[in-house]
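Colleague: Everything below, folded, please.
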Amino acid sequence: MNILITGAGRGLGVELVKLAAERGHSVIACVRETTEISESLAAASSQFPGLIRIERLEVTSEADAAALADKLRSESLKLDGIVNNAAILQGRELKIESLALQMMKESFDVNVVGAINVAKHMVPLISEQSGAVVMNVSSESGSFSRAYGGDYPYAISKAALNYFSKQLGSELRGRGIRVLAVHPGWMRTDMGGEQAPLNASESAGGMLDLLEGRTAVGENVFFVDYTGRELAI
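Modeller: Numbering: from 1, shown residues only. I've put the predicted structure just below:
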């Protein structure tokens, strides 16, 4: 499989890259700036030569997405999976009266518009009726049924990402392309913190099982956790 992964420089992203390559997949690891590659991603690239290629993609830049898509198209490369993993987390502890609205705008730009931008330019590289999967890394915090006070930028942007996932899945179903919004669990990463109970590699393994079709998900289900368990919207 050819799998494109955004936000590949650290945390869950680099774990997905490493495990996908370990399973024999070819990975396009997308980072904001190729001159500032993390040590972990560089080590993975050295460990799996020929399976990991690192490409520049600032997900908020349509010019970047279009340029990368043109580059892959010129190589006649077809994608079998897309993982929209790039995201930011801001203002988690802020209450409404102290919330900086710029955080809302930035969070939507990366967490929602960024995923839409990637889908717009990369989905055309997926073959028809290929059984490919577009995976949007979401969060249970974007569930209406689990709404809680605070965490406005992240939670609301993930709720919007869930809605986009449902919309895109409805559009692409006829082309044999599946779209999933996946909650990766609370992981020990820079974003999740050291107190989180889940190892990022564990979550990455479950997500790749979903991408490869090893874990079955009901036809009308689109919001799941990394084990494939359906989550309430």
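
Colleague: Check which residues of the helix ranked longest in the chain are buried.
Modeller: Counting by DSSP state H, the longest helix found in the chain is helix 152-172. Neighbour-count burial for helix 152-172, counted by 16 or more other Cβ atoms under 10 Å, picks out 152-162, 164-165, 168-169, 172. In this view, the C-beta of every residue, glycine as well, is placed from N, C-alpha and C.

Colleague: From those, pick the one nearest residue 195.
Modeller: Residue 195 lies nearest to residue 154 out of the buried residues of helix 152-172, by Cβ to Cβ, at 17.3 Å.

Colleague: Next, the contact list for that closest one, please.
Modeller: Taking Cβ atoms under 8 Å, 6 or more residues apart in numbering, we find residue 154 in contact with 89-92, 107, 111, 139, 141.

Colleague: Would you convert the residues you listed into CSV that also reports neighbour count and pLDDT?
Modeller: Listed next are the contacts of residue 154 as CSV, based on neighbours: other Cβ atoms under 10 Å; pLDDT from 0 to 100:
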residue, neighbour count, pLDDT
89, 18, 95
90, 19, 95
91, 20, 93
92, 14, 90
107, 23, 98
111, 28, 98
139, 26, 96
141, 18, 92
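
Colleague: Most widely separated two among the residues you listed?
Modeller: 91 and 139 (14.7 Å).

Colleague: Show me the strands in the chain, by range?
Modeller: All strands of the chain, identified by DSSP state E, fall at 2-5, 26-31, 52-56, 81-84, 133-137, 178-183, 223-225.

Colleague: Can I get those strands in CSV including mean pLDDT, distance to residue 118 and mean neighbour count?
Modeller: Shown next, in CSV, are these (pLDDT from 0 to 100; distance: least, Cβ to Cβ, whole Å; neighbours: other Cβ atoms under 10 Å):
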stretch, mean pLDDT, distance to residue 118, mean neighbour count
strand 2-5, 98, 8, 24
strand 26-31, 98, 8, 25
strand 52-56, 98, 12, 17
strand 81-84, 98, 6, 28
strand 133-137, 98, 9, 26
strand 178-183, 98, 12, 24
strand 223-225, 98, 19, 21
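
Colleague: Among the contacts of residue 154, which one sits closest to residue 229?
Modeller: residue 139 (14.3 Å).

Colleague: What separation is there between the residue nearest to the closest one when sequence neighbours are not counted and residue 183?
Modeller: Leaving aside its chain neighbours, residue 139 sits nearest to residue 158 (4.4 Å; criterion: Cβ to Cβ, 6 or more residues apart in numbering). Using Cβ to Cβ, to the nearest Å, we find residue 158 at a distance of 9 Å from residue 183.

Colleague: Check residue 152 too.
Modeller: Going from residue 152 to residue 183 by Cβ to Cβ gives 18 Å.

Colleague: what stretches of the chain score poorly on pLDDT?
Modeller: Applying pLDDT under 70 to the chain picks out residues 187-194, 196.

Colleague: before we move on, back to that, which one among the buried residues of helix 152-172 gets closest to residue 132?
Modeller: Once Cβ to Cβ is applied, the member of those that ends up nearest residue 132 is residue 172, at 9.0 Å.

Colleague: Verify the stated contact: that closest one with residue 123.
Modeller: Yes - at 7.0 Å, residue 172 counts as touching residue 123 under the criterion of Cβ atoms under 8 Å.

Colleague: Need the residues touching each of those two.
Modeller: Common neighbours of residue 172 and residue 123, counting by Cβ under 8 Å, 6+ apart, are residue 134.

Colleague: which residue ranges form the helices in the chain?
Modeller: Counting by DSSP H, one finds helices in the chain at the ranges 11-22, 39-47, 62-74, 101-108, 114-122, 152-172, 200-212.
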